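> give me a 3D structure for the following:
(chains A, B, C and D)
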There are 2 protein chains.
Amino acid sequence: MNVLATASRVIEQIQDGLVRRGFHDVRPAHGFAFVRISHGDATVLDVAEHLGVTKQAASQLVEQLVQRGYVTRVADPSDARRRLLALTARGRACTRAAEASAAEAVTAWQGELGVDGTRRLARLLARVSPDGPLRPIW
Amino acid sequence: MNVLATASRVIEQIQDGLVRRGFHDVRPAHGFAFVRISHGDATVLDVAEHLGVTKQAASQLVEQLVQRGYVTRVADPSDARRRLLALTARGRACTRAAEASAAEAVTAWQGELGVDGTRRLARLLARVSPDGPLRPIW
DNA sequence: CTCAATGGTCAAGCTGCTTGACTATATGGT
DNA sequence: ACCATATAGTCAAGCAGCTTGACCATTGAG
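This is a model prediction of the structure:
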């Protein structure tokens, strides 16, 4: 059951790291959206599915990211209905900051488990959860 | 980073298990409250601190649990301000159902990792997160 | 006997999500 | 070429969970 406590702390640490690096206006859910958007060829509907929420909720979330300068909407030349999402320079900077924060958290684990233990932990986790969509429940 | 996916799935599986066992009206946050209440000598403020929310939020959450028959309030003989919380029979049944569901999830891991790998995973996680309060962020 | 501290509730407001309705574009069948 | 249906997206209203602020009752220290 410590998975929950661990996950809770990881989220918290990433969030703190982002604030320290000057990104005050992003929530964890935004980060999950970034993951899908940076993966390329993403629409609002793709983000919705990735987050496990309705398209309306995803639409609002993306709108915030656009207003705050993290994401831009570009027209899809082959389909006028679709509006493709892409990270701005700031969005990419934020992504890097989040990765750096996550790396910090993992480094903290190494203090507890050693480099070796951390690697084993990562591999065990990868085996139980071959990464699927992130569902921000709870 | 798979900690997040794993935790997400665990929460989901417990939730599903509870529904299958007939508990439709409990959310994960309720479960976290149960943990503190079953630990004994819990007030609304204790629950609030354990969940990392305000006392008002905890008060509302407890009120729901009382209305739904999971928790009772009993007067503290030594302090008329305090109202001690305790699980009802139904509350204890729900706790057992949640534990059974969690056990199911772990059993599923054993299919992936084997009994041995699961034990190692559990011990690694316990070392990185020596259980503290649960913060339902994200 | 005060008076600050503590446990708890009530009330109002915000935010993130949902459902429902709607517009615009695309596409397949006739 | 035309219509019906499906798809991408937004607008609007409502709900649930949380917050802040105010308040009441009880306690305990001076």
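
> so what secondary structure elements neighbour the longest helix anywhere in chain A?
In chain A, taking DSSP state H as the definition, the longest helix is helix A:89-128. Applying 3 or more C-beta pairs under 8 Å, 6 or more residues apart in numbering or on different chains; DSSP states H and E, we find helix A:89-128 packed against helix A:2-20, helix A:28-38, helix B:2-20, helix B:89-128. All C-beta spots, glycine's among them, are computed from the backbone N, C-alpha and C.

> need these in JSON lines with mean pLDDT, distance to B:P77 and mean neighbour count, can you?
Shown next, in JSON lines, are the helices and strands packed on helix A:89-128 (pLDDT from 0 to 100; distance: least, C-beta to C-beta, whole Å; neighbours: other C-beta atoms under 10 Å in any protein chain shown):
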{"stretch": "helix A:2-20", "mean pLDDT": "90", "distance to B:P77": "34", "mean neighbour count": "20"}
{"stretch": "helix A:28-38", "mean pLDDT": "94", "distance to B:P77": "44", "mean neighbour count": "21"}
{"stretch": "helix B:2-20", "mean pLDDT": "90", "distance to B:P77": "34", "mean neighbour count": "20"}
{"stretch": "helix B:89-128", "mean pLDDT": "90", "distance to B:P77": "22", "mean neighbour count": "16"}
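
> nearest to DNA strand D, of these?
helix A:28-38 (11.6 Å; C-beta to the nearest atom of the strand).

> got a list of contacts for the closest one?
A:11, A:14-15, A:42, A:46-47, A:50-51, A:58, A:61-62, A:64-65, A:70-71, A:85-87, A:91-92, A:94-95, A:98, A:134, A:136, B:137-138 (C-beta atoms under 8 Å, 6 or more residues apart in numbering or on different chains).

> how about stretch A:71-79?
Residues contacting stretch A:71-79 (C-beta under 8 Å, 6+ apart): A:37, A:62, A:65-66, A:82-88, A:91.

> of these, grab the buried ones for PyMOL.
Only the buried entries of these go into this PyMOL selection, using 16 or more other C-beta atoms under 10 Å in any protein chain shown:
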select buried, chain A and resi 37+62+65+82+84+85+87+91
